[in-house]
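Student: Pasting the sequence and the predicted model now:
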Amino acid sequence: MSPTLPSTITDEARARAPISSATVVGVSVLYLILATVFTGTRIYTRYTVYQQFWWDDWSMVLAWMGTIALCTLFIMMMQHGGGLRRDDEPTRDYKLYLEIFQDLQMVARTSMFFAKLSILLLYVRLFYPKGVARSLFWWIIQAVIWLNFLYTVGLILAIALQCVPYHKPYGSSCVDQYMVLISASIINIISDLLVLLIPMASLWRLNMSRKRKWAVWALFAFGTLAPIASIARLAYQIPMADGTDTTVIYMIVVLLALAEQVIAMVAGNAPVVSAWFVRLVLKRGKRDAVSPAEAANVPRTLTQRFWPDREGHQESPKERRLRKWKRSGASDPYPITITTVQSTASQEALDPRHRSLGDAESGRGSEAWELSENASIAAGTKRHTQNLN
């Protein structure tokens with residue numbers, strides 16, 4: 001992007017703007033606060049409670065950095081005429097405005113990719129810990145990841161090369177910006193729906209009670225707002241995106257895109273943040289909530305905490321034959337529905353075959369908080385113990 005020059009927009013023009021500068025700054029600050037609070041709480045929880053990071057955590061950090069860049073570019077668009085009537089914006093500012101919008105589209109697609117990648121990798125970590133065999137849903141998750149990656153690369157190339165010469169979206173030799181926006185929104189809606197449907201189907205394979213499944217699914221339910229935001233953006237773009245008042249239209253499009261980005265981040269962080277919320281805010285499960293290192297009486301170094309690794313352990317041939325004979329599904333993603341983590345060095349927290357987890361369900365972990373009623377917990381624990389025997 002070319003260096004940003006001082007704006008020549010008058011105060012009278014800003015006073016007549018349909019979208020005020022205060023609105024742009026206020027919304028940007030709100031989005032940044034939400035993204036920072038949820039991402040920061042996630043990192044704190046993974047560092048102190050679980051003491052183990054994986055690629056889903058680092059992907060969310062990249063999405064958070066992308067959100068900061070998005071809000072910064074959004075404010076820069078406002079400084080160069082974003083929100084004003086097209087007739088009130090000088091030509092020089094309008095050129096810079098369109099250049100910034102072009103950069104923002106590429107940053108938005110990259111940031112959204114990492115947010116969705118974090119959610120999909122969270123599914124892998126929860127539903128397929130070490131020792132759980134790959135199933136059809138595992139391959140579906142991988143397919144959605146690669147489809148999102150290819151879509152991201154394709155859209156970035158389409159935006160970057162849409163004009164000849166490069167970075168002259170104001171000229172007449174560009175592809176149809178209207179079709180780029182509409183096509184991107186349609187593909188994004190399909191991607192959002194795929195990301196939303198995967199946990200719905202995977203949860204019913206877990207060895208837990210029906211009520212507890214609904215409770216876990218409720219943690220992901222906030223993600224339904226992401227496709228709603230995408231549909232709202234598409235509904236606005238179809239009749240309006242080819243209009244001439246682009247200084248207002250593009251700002252509204254960016255507002256909706258930022259909303260979708262923040263919703264995806266909140267939905268991706270919610271399953272991890274829930275453990276922190278229950279332990280520190282509701283003050284439940286505090287006595288039993290121990291870290292994997294505390295459970296094993298082995299202190300974990302910074303390298304061990306930050307080096308990406310998954311919970312569980314590799315399945316032995318005997319365990320694999322037993323699982324196939326019983327036709328059992330994936331285990332309960334234990335840390336989501338309970339704040340206690342009884343495992344050895346964060347390697348066996350999600351593995352129901354491990355003795356420490358059996359002890360937790362039968363003894364000291366029974367008083368820890370779960371997203372279900374006590375009766376359903378007891379029933380689910382009893383069925384789980386029978387399966388182990």
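Tutor: Nice, thanks for sending it over.
Student: What segments of the stretch 101-250 of the chain are helices?
Tutor: 136-160, 177-203, 210-221, 225-240, 246-276 (DSSP state H, counting those that start in this stretch).
Student: any low-confidence regions in the protein?
Tutor: Confidence mapping of the chain against pLDDT under 70 gives the ranges 1-15, 49-51, 88-90, 130-131, 163-174, 203-213, 215-216, 218-220, 277-389.
Student: if we can go back for a sec, quick one: which of the helices of the stretch 101-250 of the chain is nearest Thr45?
Tutor: helix 246-276 (4.2 Å; CB to CB). The way it works is simple: take the backbone N, C-alpha and C, and place the C-beta from them, glycine included.
Student: Can you name every helix or strand that the closest one contacts?
Tutor: In terms of contacts (3 or more CB pairs under 8 Å, 6 or more residues apart in numbering; DSSP states H and E), helix 246-276 is packed against helix 21-45, helix 55-79, helix 91-127, helix 177-203, helix 210-221, helix 225-240, helix 334-337.
Student: one more time with 6 Å
Tutor: With contacts taken as 3 or more CB pairs under 6 Å, 6 or more residues apart in numbering; DSSP states H and E, helix 246-276 sits against helix 21-45, helix 55-79, helix 91-127, helix 210-221, helix 225-240.
Student: Mean neighbour count for these - can I get that in TSV?
Tutor: Converted to TSV, the helices and strands packed on helix 246-276 look like this (neighbours: other CB atoms under 10 Å):
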stretch	mean neighbour count
helix 21-45	17
helix 55-79	21
helix 91-127	22
helix 210-221	17
helix 225-240	18
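Student: Reformat these as JSON lines; add distance to Ser135.
Tutor: Formatted as JSON lines, the helices and strands packed on helix 246-276 follow (distance: least, CB to CB, whole Å):
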{"stretch": "helix 21-45", "distance to Ser135": "27"}
{"stretch": "helix 55-79", "distance to Ser135": "19"}
{"stretch": "helix 91-127", "distance to Ser135": "9"}
{"stretch": "helix 210-221", "distance to Ser135": "17"}
{"stretch": "helix 225-240", "distance to Ser135": "25"}
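Student: Of all these, which one comes closest to Leu255?
Tutor: Closest among the helices and strands packed on helix 246-276, using CB to CB: helix 21-45, at 6.4 Å.
Student: Could you tell me the angle between that closest one and helix 246-276?
Tutor: Put simply, helix 21-45 runs at 30 degrees to helix 246-276, going by axes from the mean of the first three to the mean of the last three CA atoms, to 10 degrees.
Student: that older thread, of the helices and strands packed on helix 246-276, which is nearest Leu196?
Tutor: Leu196 sits nearest to helix 225-240 of all these, at 6.4 Å, using CB to CB.
Student: and the angle from the closest one to helix 91-127?
Tutor: If you take the same axes, to 10 degrees, helix 225-240 sits at 150 degrees to helix 91-127.
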